[in-house]
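> Quick one, fold the following:
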Amino acid sequence: MNSINQDKGFAVLTSVVLLSIASIVFTAQMGSIQLIDNKIVGNYYRNNEAFVNAESGVNFLLSKIDDPSIGPAVLASILIPYSSADNHYSVQLTRLNRNTLEITSSGRSMDDSAQRRISLQIYHEMRFNLPGASVSSNGKLNLDSTATVNNGCEGVSAADCKSPGNFADYQLVSNPKNEIGKATDLCTGSVDAQGDLPAVDNTGINVIADNVFYQQITADNSLEIGSVDDEGEVIGWSNNIPAGSTFFGEEVAIDLQPSSLFESTFGVNKSVGIAALKSSAEVAKIDMTDSNLNTSCSDRLKALGDEIDTIYITGDCNIDQSDAVQSAISENKRFTIGTVDNPKMVFLEGGTFITKPNTGASVIGMLYFLPGTSVDETGATVVDLSVDMGGIRVNGATLSEYSCSHDGYDKTDTNGTKQHFSSRYDKTVLNKLYENAGQQPPLDTGYSFVQGSWRDF
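Here you go, the predicted model:
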């Protein structure tokens, strides 16, 4: 009897022990699963926390680039990482090419146990008070059908342009009045004895003069024009240069209705601005009117270093054919001033580029024609009224203060240039030029995202 009871007690004890062990194992397993779940949730939370911090770094840098007061300084400090211990991120800006940047941001969780990395590419633009047209004149323009005037991005549509906003407001801006408000009839070109323009033929534009602009045959290539209103103010000319800006040491005048092309471009009176250019140590001066000069203008230009951003040439700038480079696509040779990374602001007073047949001159940046003076047979001082732009190619913007600016291409001239006038608007080059010259703070900075460049892995 006792033996049976002992067996039953042993069986119960064994069952209790087994059930207790099973319960302990189950509880431990559940605890382990819960710990794993908690760890997964914690990792997910910390990973998201690191991602948010990384994204905060990207947004921080974008806000700095978009701030006109500090944007230029941020862009100037490319390759220097920005970090924030409080916000647990480190972000860096890298230039991929002249207008594309990459932002790389590494974010960490609050306990530094998780890290996420985000990269993004953007197009950037520093918006200065740039010329509003590919060609701007304070007088009349005569351009024949051989001339090329491009409003930016190699003629492609805005949707296809890889640098958004790189278009001129106008292709051409012409003011049919001179600086003192008097109309002038002087403008060489293909006009008849009565000063009337010939009819447009199949080549497109015959003559652009007197603020009358014929459109080319193809509507897609039609020209836009900024002209004068009823009060004689040039449409498209405005002066929005920020207060405190200077032009080679001269404070600009804050005038929203400038009286000349020069003032609308630089914010300073033309005579004051020219005096500042001639006296500034930052400007390279080349005086081709010096009778003792025994070198060509191209020789003197070649001697200038990349650090020179502004060049002031007085008189005709003769280009030696030996200084020009053979074109890879034609028999023509061309002498080029400036590059896309080091564009130049070239002022040409009282002259133009003089080239031999099959030789041309190019400016990457800005070319500004300024009238010079001469003495007539009576001994009186007279102001130059017209300038010949034949054979000149500009990548950026062309401006002229002459009463008449014309391209002067003549197939029958055996001594003159055999190349056409061409001006292509390039806002990226102009922004780089103003940035390098450092004469004016930008009005604004901006950016756009490069599609498909976001990476968070």
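> CA only for contacts and neighbour counts going forward, please
Will do.
> Below-threshold pLDDT in the stretch 251-400 of the chain: ranges please.
The stretch 251-400 of the chain contains residues with pLDDT under 70 at 254-257, 328-331.
> how about the helices in it?
261-266, 270-279, 297-302 (DSSP state H, counting those that start in this stretch).
> Return the most buried member of these.
Greatest average neighbour count among the helices of the stretch 251-400 of the chain goes to helix 261-266 (a mean of 24), per mean count of other CA atoms under 10 Å.
> how far is that helix from where the chain is centred?
18 Å (CA atoms, centre = their mean, to the nearest Å).
> show me where the stretch 51-200 of the chain has helices.
Under DSSP H, counting those that start in this stretch, the stretch 51-200 of the chain gives helices at 71-76.
> For it, give me the ranges with low pLDDT.
Using pLDDT under 70, the stretch 51-200 of the chain drops low at 68-69, 72, 76-80, 98-99, 153-165, 176-200.
> right, and Cys426 touches Gln171 too?
No Cys there; residue 426 is Asp. No: Asp426 lies out of contact with Gln171 (CA atoms under 8 Å); the separation is 11.5 Å.
> So those two - more neighbours on which side?
Neighbour totals were compared for Asp426 and Gln171, and Asp426 leads with 27 against 24 (other CA atoms under 10 Å).
> Please tell me how far the more buried one sits from Tyr447.
17 Å (CA to CA, to the nearest Å).
> Check Lys39 too.
40 Å.
> So the two - more neighbours on which side?
More crowded of Lys39 and Tyr447, by other CA under 10 Å: Tyr447, with 19 against 12.
> quick check, the more buried one in a strand?
Yes: under DSSP: H, G, I helix; E, B strand; the rest coil, Tyr447 falls within a strand.
> Can you give me the pLDDT of it?
In the predicted model, Tyr447 carries a pLDDT score of 81.
> what does the one 10 residues further on give?
Looking at Phe457, its pLDDT is 75.
> ok, how many other residues are close to it?
Neighbours of Phe457 using other CA under 10 Å come to 7.
> Verify the contact between it and Leu120 for me.
No: with contact defined as CA under 8 Å, Phe457 does not reach Leu120; the gap is 11.6 Å.
> Next one: the spatially closest residue to Ser84 that is not a sequence neighbour relative to Asn53, how far apart?
Excluding its sequence neighbours, the residue lying closest to Ser84 (CA to CA, 6 or more residues apart in numbering) is Ser90, at 6.4 Å. Separation of Ser90 from Asn53 (CA to CA): 9 Å.
> cool, Ile65 as well?
Applying CA to CA to Ile65 and Asn53 gives a distance of 19 Å.
> These two: which is more packed in?
Asn53 (26 against 23).
> Just give the closest residue to the more buried one, not the sequence neighbours.
Gly107 (4.8 Å).
> now do Tyr89
Of all residues not flanking Tyr89 in the chain, Gly107 sits nearest, at 4.3 Å (CA to CA, 6+ apart).
> Pull the number of nearby residues for the nearest residue to Gln92 once chain neighbours are set aside.
Spatial nearest neighbour of Gln92, excluding adjacent residues (CA to CA, 6+ apart): Pro81 at 4.3 Å. When neighbours are defined as other CA under 10 Å, Pro81 has 13 of them.
> what sits against Leu430?
Counting by CA atoms under 8 Å, 6 or more residues apart in numbering, Leu430 makes contact with 130, 343, 365-366, 396-397.
> could those be laid out in TSV, adding distance to Gln440?
What follows is the contacts of Leu430, written out as TSV (distance: CA to CA, whole Å):
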residue	distance to Gln440
Leu130	10
Pro343	16
Gly365	16
Met366	15
Gly396	17
Ala397	17
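> Looking at the residues you listed, point me to the pair that's furthest apart.
Leu130 and Pro343 (14.2 Å; CA to CA).
> Which one's more surrounded, these two?
Pro343 (27 against 20).
> is it true that that one touches Ile364?
Yes: with contact defined as CA under 8 Å, Pro343 and Ile364 form a contacting pair (5.3 Å).
> Name all residues that sit in contact with these two at the same time.
337, 429.
> what do Ser90 and Asn53 both touch?
Contact criterion CA under 8 Å, 6+ apart; residues shared by Ser90 and Asn53: 106-107.
> hey, where'd the strands end up in the stretch 201-350 of the chain?
Secondary structure of the stretch 201-350 of the chain (DSSP state E, counting those that start in this stretch): strands at 225-226, 246-247, 250-251, 283-287, 310-314, 317-318, 325-326, 333-337, 344-349.
> tell me the contacts of Asn342?
Asn342 sits in contact with 306-307, 309, 432-433, 436, where contact means CA under 8 Å, 6+ apart.
> Now do the strands in the stretch 1-150 of the chain.
Shown for the stretch 1-150 of the chain, the strands assigned by DSSP E, counting those that start in this stretch span residues 82-84, 89-97, 100-108, 115-127, 133-137, 140-142, 148-150.
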